[in-house]
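> sequence plus predicted model, see below.
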Amino acid sequence: MSALFNFKSLLQVILLLLCSCTYVHAQWPSLLDRYKDHGVFGAFWKMARVGERASPYVSVACILMAINQFNS
């Protein structure tokens, strides 16, 4: 089943995108900063910003998702 139609999978994809974009922005800030006003690439910059500002909540969500995966 596609991740778009399964809510649990959709949450995993969004959480992984947040974590990935935050990591890329931490390692190479200029890579995402140059595209922050450009459509699709701007969405990645926004995800990185959310990941940076809400990092305790994102990390708790990652831990909960990992526990949920181990129990399934």
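The structure has been received and is ready for your questions.
> give me the low-pLDDT residue ranges for this protein?
For the chain, applying pLDDT under 70 flags the ranges 1-4.
> for stretch 45-55, list every residue counted as buried.
If you call a residue buried by 16 or more other CB atoms under 10 Å, then stretch 45-55 has these buried ones: 45, 47-51. Where C-beta positions appear, they are placed from N, C-alpha and C, glycine not excepted.
> do the same with stretch 6-23
Within stretch 6-23, the residues scored as buried using 16+ other CB under 10 Å are 12, 15, 17-19, 21-22.
> show me which of those is closest to residue 64.
Of all the buried residues of stretch 6-23, residue 15 has the smallest distance to residue 64: 9.6 Å, by CB to CB.
> give me the contacts around the helix ranked longest in the chain.
Longest helix in the chain, counting residues (DSSP state H): helix 7-27. By CB atoms under 8 Å, 6 or more residues apart in numbering, the surrounding residues in contact with helix 7-27 are 1-4, 31-33, 44-45, 47-52, 55, 58, 61-62, 65, 68.
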